[in-house]
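>>> Okay, structure incoming, though there's no sequence with it:
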């Protein structure tokens with residue numbers, strides 16, 4: 001079935017894979033679910049500015065990487081931004 005959003009799904013799936021199987025899991029998970037990892041503990045303590053700031057930082061880093069011809073590294077940073085933005089959404093939902 002094609003609904004025209006397959007390219008978006010591919011990107012969101014890649015962000016999920018990076019967090020759940022890649023760098024995020026290797027460095028930060030400590031065998032804990034996403035909502036119990038440092039990304040969320042720090043966001044709960046510091047507020048929404050933490051994940052938003054991290055997403056912004058990763059976006060700036062990605063731009064520099066792209067300007068240096070590091071396309072794959074830029075994509076990885078942007079996927080990380082998506083994960084941080086997801087943490088911001090989760091924090092908002094928790095506070096509802």
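Happy to help now that I have it. Note that the structure is predicted; figures quoted are calculated from it, not measured.
>>> ok, residue 21 - how many residues close by?
A count of nearby residues for residue 21, using other C-beta atoms under 10 Å, gives 11. Every C-beta, even on glycine, is put in place using the N, C-alpha and C of the backbone.
>>> For residue 57, which residues are in contact?
Taking C-beta atoms under 8 Å, 6 or more residues apart in numbering, we find residue 57 in contact with no residue.
>>> and the helix or strand where it lies, which residues are buried?
Applying DSSP states H and E as the criterion places residue 57 in helix 49-67. Neighbour-count burial for helix 49-67 flags 50, 51, 52, 54, 55, 58, 59, 61, 62, 65 (criterion: 16 or more other C-beta atoms under 10 Å).
>>> Same list (those) but as CSV, adding distance to residue 7.
Putting the buried residues of helix 49-67 into CSV (distance: C-beta to C-beta, whole Å) gives the following:
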residue, distance to residue 7
50, 30
51, 25
52, 25
54, 25
55, 21
58, 21
59, 19
61, 23
62, 18
65, 21
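>>> Could you tell me how far residue 4 is located from residue 15?
With distances taken as C-beta to C-beta, to the nearest Å, residue 4 is found 20 Å from residue 15.
>>> Check this protein and tell me which residue is nearest its centre.
The centre of the chain sits closest to residue 83, judged by C-alpha atoms, centre = their mean, with a distance of 1.6 Å.
>>> leaving aside the residues next to it on the chain, what's closest to that residue?
Nearest non-adjacent residue to residue 83, counting by C-beta to C-beta, 6 or more residues apart in numbering: residue 19, 4.7 Å away.
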